[in-house]
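Participant: Below are the sequence and a predicted model; questions follow.
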Amino acid sequence: MIEYLVLTFVVVYGSWKSTLLWKKFQRSEAIVVCVLSLVAACYLLPVIGNWIPTTETFNTFLYQSISEFVMRSFHIVQEVSPS
Amino acid sequence: MNVEKITPFQFGCMCFAFMSGFSTLYLLEAKLIMHDVWIAIIAATIATLFLVQLLVYIQRQFADMNLSDIIITVFGNWVGKLVLCLYLLGMTGLGVLSLRSISLFYTTAILPNTSPGLIMAIVLLVTTYAAYLGLSSISRAALVILPFFAVAMLVISVFIFDDVESNPFMPQFQNALPLIVYSSMISFGFPFGKTSVFAFVFSEITNQKKLVKSCTTAAIFSCVYLLMSTYLAIGCLGEYMFKTAAFPFFSSIQLVKFGENIERIEIMIIGIWTILTLFEIIIVQYCFVKIVGRIFGAKNLSSLYLPVGAIFFAVSMKSFDNPAKLVAYDVKILPFSIILPSIILPLILGCILWVKKSRKNQMDIQNS
Amino acid sequence: MNTQKTPIEPSVVRNVDALRHLFSDNEQIAFHYLESNAGSPAAVIAYIRVLIDMERLQQHILPQMSKHYRASGFDAQALEESAAAQGFEQTLEDMDLAVHMIVSAGIVLFVEGYSHAFGMSLPGYGKRSVDEPMLEVNVRGPRVGFIEDIGINLGLIYRRLKTNKLKSKKYMIGRDSQTDITVIYLEDQVSPDVLQEVDRRLNTIRLNVLTDSAQIEEWIQDSPYSPFPQIQNTERPDRVATALNQGRVAILTDGSPNVLLVPAVITDLLHPSEDLYEKFYFANFLRILRLITLFISLFLPSIYIALSTFHLEMIPTPLMLTFLSAKAGIPLPTFLEALVMEIAFEILREASIRLPRTVGQSVSIVGALIIGEAAVQSGLVSRPIVIIVALTGIASFTIPSFNTAIAIRMLRFPLMFIAAWTGVLGISLCLFALILHLCSLKSFGKPYITTLEMVKWRDFISHYVLLPVKHRRLSRMQASPALRRGSTHEDD
């Protein structure tokens, strides 16, 4: 529910603000608002949002293997027990 | 939007609020090595002090420039922007972790029936407003909050101290060196390593000569606060309860009673603590907008704060959908993901600048 | 009023025609002719009947002038001398000045053959006498308050500061009202930046009719959309004298008993002038008490809602059981209970202000006692909520500034809503947003809240604590460089 509210807000704000800035000849600002709103909207869309990588998935993909290697080397795999 | 510069004292207080906000939430490094945690915390603090020296060295080479501008000047336009994107990624990660942590804490301990999305949305509304107001207002707000926080924490600590029966940092050196090193990495990842974010606001401080002093003082105070909290939490809860509690320091505060009638004081403390945690999200949002503005060459940034807030919300909603993932990420991924933006990139930047400076000096000597 | 510069003609008849044209369809304009020996008009006195002192004009000024004019053998020079003797001291070079004199309760004399006129102020409208202020009532201290006449108000201030360093500057604002505004300050205490800013902002005001200082306040304050007033207003001359001595600037408006003081910090709005007349420790005790009541009036209903809805475990067990038993059988949730009672309280308060004072008091007492009791008896609301609402209402009366009290009353409602929605988290976030907002506010470039960044601890303390009279600094602006510069640029 809250996701759809924010999605609606982002779409409305993004289109309104970027149009306003474009008309004021603040083209760079208009583009940035548009891009940022688009990124936020994509994440909040029901199906597409789940496909887009997040910082969690991106960093896990990058550092998982390094982390496992280091933990194995340090013999600390068993000792980390998140509650 | 307010673009006033802030004093080193304001900056130091803000830095402390930024580092200490979440630092006592999980105490993961303590769960790993218990009695030897002080070594990890002190080691992480020392690493932070070196990092501060490095970042200030970089800033001093370009007195009036923002770190974003410095990066683009040193690396060139496209590589520089790519590096800035890496920082954006790191900042999004920090913001998402903070948002998820605060929602996890509230849904676990205080408001079990409230949706995490709602909590994150209202937190972001406030932080977006704060970031929009600018650094001057944020730092002044930190100055208003900190005295209340300090008094509340001191009072609570005195009461918790009554329940501490033995020194929880003894016996010492019970863990192997690799384990202590890894705990130091965890401690550096959370909370000390995020100091690198602050380098993006160095240019907004009036007296740059006092940068090192402000940052160092803030880091040392954060270290003391973290050590104190860990000491009290382990000492009060005992080893087993400390390891099993999701939020050990919060659990130790729960044991405090003021006389017969005021049995539960922790809600009030949490109210003040919640405010302190927001500084991390605010600063990250503020720097994020600045960097985005630099990448796209936008001058008027006031209209960017809401979309950036929405991005933080959206990414948070799609990340860490269960608490175990969040804690596992803090323990396994964060100590490594923090290295690139907080150590490697500043080191490269510092080396390039040092080499350039040395060459220039040699050229000057040759010319003269 | 026509603002085009029109010269005064040497012909009295043409000047009268011009005035008739300018004041067409205005039956209050009157002309009194003085005829020459040939019967032609030699001079005319123009005025607006309802504005001037008709008795003095008809019984003293006109007979004296006519008598002297006739006695001198209808000589224009003698007429001019007679006019000067009667008080026509101002020479008006053009018709605009003449018109302004007429509309400002003055009389204007046009003499045949003269291309200028003579004016004198002869106000005859009613004024109330200097009385005790209605809103700023003190137990100890002067009982004098400003009235609607700017001249008398200036006199009340000048009487208290007998120094040549007290300076004033006049402005005229309002296209049609042409209201007199006077800015006063102490030359050696005031910050030049503030003075310059006041001048700049007053010159930006564009209004047709200025009837009260509230319009100026809204126009010139830094953040007009903030609920918190960034300009202090007072009805007390002693308060203005103290503020001027602190290096602040006072703005007086003709027709308004409220004098504006700038810059204003939040502590100015929370401390009444009476603090200065009490022993410093008693005054400080009251200041702490007022801070507590400020917190109560803003947060008490929301904290009660949050605790009773989300955090019952925080309430001590015996108290919780009392609350729960009182709540048993009440159909409304706590939030609605509080909302209904708060709205009822606000309605009662509004009614008691609007009604005549004696009736108003009865309404508020009857309303509070009977409606509250009836609501509890009928099982609509619980007893604790009546206590909470009453305590909140009484606490809000201790805030000396009426504008600030309104802001607090207004903010209480969204806070209650947030508390009902997200408990202590919502209250914390609202508190933080409020702190941020207050930290972002400025009054004429000066920070609205004084925080620890001030250079000297003593200056910081003196903003919140009333020091013994021997240790108080003369000027706030001199005391604190950071505040004087209105910035946070000062290095620590």
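Facilitator: Looks like it arrived, so ask away. Numbers count the residues shown, from 1 in each chain, chains lettered A, B, ... in the order given.
Participant: mind checking which helix or strand C:Leu261 is in?
Facilitator: Secondary structure from DSSP states H and E places C:Leu261 in strand C:259-262.
Participant: Where does pLDDT dip in the stretch 201-350 of chain B?
Facilitator: B:259-265 (pLDDT under 70).
Participant: Point out the residues in it that sit beside chain A.
Facilitator: The stretch 201-350 of chain B comes close to chain A at residues B:243-246, B:292-293, B:296-301, B:303-304, B:306-308, B:310-311, B:313-315, B:317-320, B:324-325, B:327-329, B:331-333, B:335-337, as judged by Cβ under 8 Å from any Cβ of the partner chain. Any C-beta I mention is one placed from the backbone N, CA and C, and that applies to glycine too.
Participant: now with 7 Å?
Facilitator: By Cβ under 7 Å from any Cβ of the partner chain, the part of the stretch 201-350 of chain B that sits against chain A consists of B:244-246, B:292, B:296-298, B:300, B:303-304, B:306-308, B:310-311, B:313-315, B:317-320, B:324, B:327-329, B:331-333, B:336-337.
Participant: among those, which are in helices?
Facilitator: Among those, the members falling in helices (DSSP state H) are B:244, B:292, B:296, B:306-308, B:310-311, B:313-315, B:317-318, B:324, B:327-328, B:336-337.
Participant: Buried by neighbour count, from the residues you listed: which ones?
Facilitator: Buried by 16 or more other Cβ atoms under 10 Å in any protein chain shown: B:292, B:296, B:306-308, B:310-311, B:313-315, B:317-318, B:327-328, B:336-337, out of these.
Participant: What is the nearest of those to C:Asp149?
Facilitator: B:Leu306 (50.4 Å; Cβ to Cβ).
Participant: Was I right to think that closest one contacts B:Thr128?
Facilitator: Yes: counting by Cβ atoms under 7 Å, B:Leu306 sits close enough to B:Thr128 to count as a contact (6.1 Å).
Participant: ok, how many other residues are close to C:Lys329?
Facilitator: Actually, residue C:329 is Gly rather than Lys. 8 (other Cβ atoms under 10 Å in any protein chain shown).
Participant: Is it in a helix, a strand, or coil?
Facilitator: Classification of C:Gly329 by DSSP: H, G, I helix; E, B strand; the rest coil places it in coil.
Participant: Tell me which residue is most central in chain A.
Facilitator: The centre of chain A sits closest to A:Thr54, judged by Cα atoms, centre = their mean, with a distance of 5.3 Å.
Participant: Leaving out the residues flanking it, which one is nearest to the residue in chain A positioned nearest to chain C?
Facilitator: The minimum distance from chain A to chain C, using Cβ to the nearest Cβ, falls at A:Ile2 (12.1 Å). Take A:Ile2 and drop its neighbours on the chain: the residue closest to it by Cβ to Cβ, 6 or more residues apart in numbering or on different chains is B:Gly117, 4.1 Å away.
Participant: Give me the helices and strands touching the host helix or strand of that neighbour, please.
Facilitator: Using DSSP H and E, B:Gly117 falls within helix B:116-133. Helices and strands touching helix B:116-133, by 3 or more Cβ pairs under 7 Å, 6 or more residues apart in numbering or on different chains; DSSP states H and E, are helix A:2-23, helix B:77-105, helix B:266-296, helix B:305-318, helix C:402-440.
Participant: can the helix or strand that it is followed by be found next to chain C?
Facilitator: Using DSSP H and E, the next helix or strand after helix B:116-133 towards the C-terminus is helix B:135-161. Yes: using Cβ under 7 Å from any Cβ, helix B:135-161 reaches chain C at B:136-137, B:140-141, B:143-145.
Participant: which residues touch the nearest residue to C:Met172 once chain neighbours are set aside?
Facilitator: With sequence-adjacent residues excluded and distances taken as Cβ to Cβ, 6+ apart, C:Met172 is closest to C:Gln178, at 5.5 Å. C:Gln178 sits next to C:100, C:103-104, C:172 when contact means Cβ atoms under 7 Å, 6 or more residues apart in numbering or on different chains.
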